[in-house]
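1. Using only what follows, build the 3D model:
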Amino acid sequence: MSVSSIAQTTRYRITLDIEALQDFDPGNIDWVKLFELRSKESCQAYVENLSEESPVTAFIYTKNDTW
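-> Numbers count the residues shown, from 1 in each chain. Got it, this is the predicted structure:
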């Protein structure tokens, strides 16, 4: 008897607190490439500039283009 397995996704939350020079732009990070995400995997990134008087938050949603 053959048992077929169905791949299921798992959600993770990863928090990074980065202190970098002013030329660093986390909005330009290719999260799919960085984490080597495959088809049907995606990434949501919330980028908050904590050095600003009123922190600016950016939402970045990326998905693998091979869907």
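
2. so what's Pro26 closest to, chain neighbours aside?
-> Val47 (4.8 Å; C-beta to C-beta, 6 or more residues apart in numbering). In short, each C-beta sits where N, CA and C put it, glycine included.

3. pLDDT below threshold where in this structure?
-> Residue ranges of the chain with pLDDT under 70: 1-5, 54-56, 61-67.

4. my guess is Ala45 is in a strand, correct?
-> Yes: using DSSP: H, G, I helix; E, B strand; the rest coil, the assignment for Ala45 is a strand.

5. which one is it nearest to, not counting chain neighbours?
-> Ile60 (4.2 Å).

6. For the one you found, grab the count of nearby residues.
-> 14 (other C-beta atoms under 10 Å).

7. gap between it and Ile29?
-> 8 Å (C-beta to C-beta, to the nearest Å).

8. which SS class is the residue nearest to Ala45?
-> Going by three-state DSSP: Ile60 is strand.

9. same thing with Glu19?
-> coil.

10. picking up where we left off before, got a list of what the residue nearest to Ala45 touches?
-> 27, 31, 44-47 (C-beta atoms under 8 Å, 6 or more residues apart in numbering).

11. Tell me which two of these sit farthest apart.
-> Gly27 and Gln44 (13.5 Å; C-beta to C-beta).

12. More neighbours: those two, which one.
-> When Gly27 and Gln44 are compared for neighbours, Gln44 comes out ahead with 12 against 9, by other C-beta under 10 Å.

13. Mind listing the residues bridging to that one?
-> Tyr61 (DSSP bridges).

14. So it sits against Leu37, correct?
-> No: Gln44 lies out of contact with Leu37 (C-beta atoms under 8 Å); the separation is 11.7 Å.

15. State the distance from the residue nearest in space to the middle of the chain to Ala7.
-> For the chain, the residue nearest the mean C-alpha position is Cys43 (3.9 Å; C-alpha atoms, centre = their mean). Noted for Cys43: a distance of 17 Å to Ala7, by C-beta to C-beta.

16. Then Ser51?
-> Ser51 is 41 Å from Ala7, by C-beta to C-beta.
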